[in-house]
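[1] using only what follows, build the 3D model:
(chains A, B and C)
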Amino acid sequence: MELFFTLAGVGLFALMLPILYRLIVGPTAIDRIVAVNIIGTKTAVSLVIVGVIFEQVGMFVDFALAYALLNFIGSLAAARYFHRVRQEREANTNNASTT
Amino acid sequence: MKHGISSHQGLLGDAVQKQWPPRPMYRFLIFILILANWLIFSGLFGAFHIGLGILCAGIVTFVSSDLMFEDRSKSIAERMQEISRLPSYLVWLLWQIVLANVYLLKLALSPGGLEEVSPRIVRFNTKLKSDFARFVLAQSITLTPGTVTVKIVGDEFYVHAISKAAADGLDGAMEGWIAHVYEPEVKAKPA
Amino acid sequence: MSLMINIVSGALILVGLTFFLAAAVGIVRFPDFYTRMHAAGKGDTLSTILILLGVALYTVGDFSIETLLVAIKIMAIAVFIMVTSPTSTHALMQAGYDDGIKPFEKEKEDKKDSEDQPEV
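    Just a heads-up that it's a prediction; the model follows:
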């Protein structure tokens, strides 16, 4: 069963690579944020799997929970940031056009 | 964005102004919930740790208990009714999530899957009043097959549908479910 | 009994990995930002729930109070992700929409509609 969990962890990691492609290529900034968000979620999952492999689940679950929390707050903050940038830009162009 | 900020402030402001001090029953309920969370996450049941938990839960309840259950005009009996109706909705939602993923699997992995992709943005008005019910509706739309909520402006939902079939699947069934759980007085009929 | 639990949890993890494969392929393959968000928002949620459910089941296999608590914590992570993943999808989607990213539209769409219309 330990071998199975190791393979599952390796599989999870291998499936992050296509998303890493999107992170590097991604035409817009928000594409990249999405990729980071997904990789973060899967990192939380793989932390739990690592915990099972090392027979320390009780400890690693707390790490995974904290990681999931930080990941959520991070992507939300990034989304809000890009939202605001655009509104300011619009306000600037409006001001420029009126003056 | 503007709407989001204003409604958020209005929401908190109303709750603070109308029901101050907050109902003691709700405070006690929130305290119990936070303490239960503490016990599960600490996993230590010595007298010292439980005392620490009671202290922390008390402080958190005192400082920020008005962030939970912002609509306190509902009685405890109504809350119980909501809770009793929630599980059947959750089972239905989980089944919809599975369907959504099977649909996604089909689109992404079959060679002709991209042929079916023809995105569109659908708008519709909701009958739900409270912010929490709208939040649940937006989450549910995002998790069901082929549709994602883009934004909410006033009563209007902007929903991105990935194909024509998904856009057609957006009938009032889900809104009816949520109205049944949270706002029985609305009675949105499934279209 | 233990073997049974191992088989079920292994199957759950494998199904979760399959759905994650669909999400990963969708994120690379879909044509525009919005459709990629579909893959991200849905595939991510269900695959996470299934894998964590499998791990929780495996953990609770040798039953004691401690493993039960750990399993509850793992399921708490799953519920947390089930609530937050659509929220962050929604926030990013709104940011993209207000940023003026053009939705992908098929050129074929007009042709298809004009084909459909005579029937109506």
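
[2] ok now stretch C:62-71, how far from the chain's centre?
    Taking Cα atoms, centre = their mean, to the nearest Å, one finds stretch C:62-71 lying 27 Å from the centre of the chain it belongs to.

[3] quick one: contacts for the residue nearest in space to the middle of chain B?
    What sits nearest the mean C-alpha location of chain B, by Cα atoms, centre = their mean, is B:Val136, with 2.8 Å. Taking Cβ atoms under 8 Å, 6 or more residues apart in numbering or on different chains as the contact definition, B:Val136 lies against B:178, B:182. All C-beta spots, glycine's among them, are computed from the backbone N, C-alpha and C.

[4] apply 6 Å and report the result again.
    B:Ile178 (Cβ atoms under 6 Å, 6 or more residues apart in numbering or on different chains).

[5] can you tell me how far it is from chain A?
    18 Å (Cβ to the nearest Cβ, to the nearest Å).

[6] for stretch C:61-74, buried residues please.
    C:61, C:67, C:69-71, C:73-74 (16 or more other Cβ atoms under 10 Å in any protein chain shown).

[7] farthest-apart pair in the residues you listed, please.
    The most widely separated members of the buried residues of stretch C:61-74, counting by Cβ to Cβ, are C:Gly61 and C:Lys73 (15.9 Å).

[8] correct me if wrong: C:Val28 contacts A:Leu17.
    No. Contact criterion Cβ atoms under 6 Å: C:Val28 and A:Leu17 do not qualify, at 9.9 Å.

[9] of the two, who's got more company?
    Neighbour count, other Cβ atoms under 10 Å in any protein chain shown: between C:Val28 and A:Leu17, C:Val28 has more, with 16 against 10.

[10] contact partners for the more buried one?
    A:Pro18.

[11] C:Phe30 contacts C:Arg36, doesn't it?
    Yes. Using Cβ under 6 Å, C:Phe30 is in contact with C:Arg36, at 5.0 Å.

[12] buried ones in the top helix by length along chain B, by neighbour count?
    Using DSSP state H to define each element, chain B has its longest helix at helix B:76-109. For helix B:76-109, a neighbour-count test (16+ other Cβ under 10 Å) marks B:89, B:93, B:96-98, B:100-101, B:103-105, B:107-108 as buried.

[13] can you check stretch C:84-102 too?
    Of the residues in stretch C:84-102, those buried (16+ other Cβ under 10 Å) are C:84-99, C:101.

[14] which of the three states applies to the residue positioned nearest the centre of chain C?
    When Cα atoms, centre = their mean is applied to chain C, the residue found nearest the centroid is C:Gly43 (2.2 Å). Classification of C:Gly43 using DSSP: H, G, I helix; E, B strand; the rest coil returns helix.

[15] show me where chain A has its helices.
    A:2-25, A:29-53, A:57-98.

[16] hmm, back to that, correct me if wrong: the residue nearest to the centre of chain C contacts C:Ala24.
    No. Using Cβ under 6 Å, C:Gly43 is not in contact with C:Ala24, being 7.8 Å away.

[17] run a quick neighbour tally on the nearest residue in space to C:Ala40 that is not next to it in sequence.
    The shortest distance from C:Ala40 to any non-neighbouring residue, by Cβ to Cβ, 6 or more residues apart in numbering or on different chains, is to A:Val34 (5.1 Å). By the criterion of other Cβ under 10 Å, A:Val34 has 31 neighbours.

[18] for B:Tyr158, same thing?
    B:Tyr158, neighbours per other Cβ under 10 Å, totals 17.

[19] mind telling me what element it is part of?
    strand B:156-161 (DSSP states H and E).

[20] and B:Ile121, by the same measure?
    Here B:Ile121 is assigned to strand B:120-125, by DSSP H and E.

[21] for B:Ala179, see how far away A:Leu47 is.
    According to Cβ to Cβ, to the nearest Å, A:Leu47 and B:Ala179 sit 39 Å apart.

[22] with neighbour numbers in mind, choose between those two.
    B:Ala179 (23 against 20).

[23] so who does the most centrally placed residue in chain A touch?
    The C-alpha lying nearest the average C-alpha coordinate of chain A belongs to A:Asn37 (Cα atoms, centre = their mean; 2.0 Å). Contacts here follow Cβ under 6 Å, 6+ apart; on that basis A:Asn37 touches A:75, C:88.

[24] how close does B:Ser140 get to B:Asp66?
    For B:Ser140, the distance to B:Asp66 - Cβ to Cβ - is 26 Å.

[25] thinking again about what came up before, after the strand holding B:Ile121, next one along is what?
    helix B:131-143.

[26] what residues of the next helix-or-strand element following that following helix count as buried?
    Downstream of helix B:131-143, the first helix or strand assigned by DSSP H and E is strand B:147-153. Buried residues in strand B:147-153, counted by 16+ other Cβ under 10 Å: B:147-152.

[27] flag the shaky bits of the chain, pLDDT-wise.
    Picking chain A for this. In the predicted model of chain A, residues A:84-90, A:96-99 satisfy pLDDT under 70.

[28] actually, chain C is the one I wanted.
    Judged by pLDDT under 70, the stretches of chain C that qualify are C:105-120.

[29] tell me the contacts of residue 41?
    Chain wasn't specified; assuming chain A. The contact partners of A:Thr41, by Cβ under 6 Å, 6+ apart, come to C:44, C:48.

[30] my bad, chain C
    Taking Cβ under 6 Å, 6+ apart, one finds B:142, B:148, C:86, C:89 in contact with C:Gly41.
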